[in-house]
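> Give me the fold of what follows.
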Amino acid sequence: MHRRTDTVACVVGPRAVAGTAPAGEIKRRPWATSCTEGVFNRRVCPLPSRVVDDDLTIKLTRDQAVVLSDWLDRKIGTPAFDGLVNEDRAVWSPLHTIAGTLDRSLAEVFMPDYTDRLHRAQERLLDSLGDVGGPPSA
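Now for the predicted structure:
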């Protein structure tokens, strides 16, 4: 059973399916381990065999959106980041779409206390991550 924290929405064709994932946990696997609470499982809840060319919806918490927006703002335009993305130029399209959507959606970036808000959001996300991405344990 998953811990109930952040809601993740997946839009496949005209249907939206909501499930849960532990806060801050990102896994690169196409299928979850159970079909409970709308989470897909290849054996129980297969996705359609054909892919429909519809829009995809990604839901982020406000903290995730603020931190990602700041990170993209700092990284896009740097030689190292641009060089990496230029290895697969098609990635620029979704990057610009995501960055633009975040810029239009976040009033926080224009607030006088933005830096404080950003740091608090970063701290909350780091707390929810636990050891993920941290230095290896000795």
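> Can you give me the buried ones in the helix or strand where Leu68 lies?
Taking DSSP states H and E as the criterion, Leu68 maps to helix 62-75. Neighbour counts using 16 or more other CB atoms under 10 Å place 63-70, 72 of helix 62-75 among the buried residues. Quick note: C-beta positions are derived from backbone N, CA and C, even for glycine.
> How about stretch 100-119?
So for stretch 100-119, counting by 16+ other CB under 10 Å, buried means 102, 106, 108, 117-118.
> Turn those residues into JSON lines, columns for secondary structure and pLDDT.
Listed next are the buried residues of stretch 100-119 as JSON lines, based on DSSP: H, G, I helix; E, B strand; the rest coil; pLDDT from 0 to 100:
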{"residue": "Leu102", "secondary structure": "helix", "pLDDT": "95"}
{"residue": "Leu106", "secondary structure": "coil", "pLDDT": "95"}
{"residue": "Glu108", "secondary structure": "helix", "pLDDT": "91"}
{"residue": "Arg117", "secondary structure": "helix", "pLDDT": "97"}
{"residue": "Leu118", "secondary structure": "helix", "pLDDT": "97"}
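> The helix holding Leu68: what's the following helix or strand?
Following helix 62-75 toward the C-terminus (DSSP H and E): helix 79-86.
> can I have that following helix written out in CSV, keeping just the CAs?
Written as CSV, here are the backbone C-alpha positions of helix 79-86 (Å, rounded to 0.1, in the frame of the first residue of the first chain):
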residue,chain,number,x,y,z
PRO,A,79,26.6,26.2,-21.5
ALA,A,80,26.6,22.9,-19.7
PHE,A,81,22.7,22.6,-19.6
ASP,A,82,22.2,23.9,-23.2
GLY,A,83,25.0,21.5,-24.4
LEU,A,84,23.3,18.6,-22.8
VAL,A,85,19.9,19.4,-24.2
ASN,A,86,21.4,20.2,-27.6
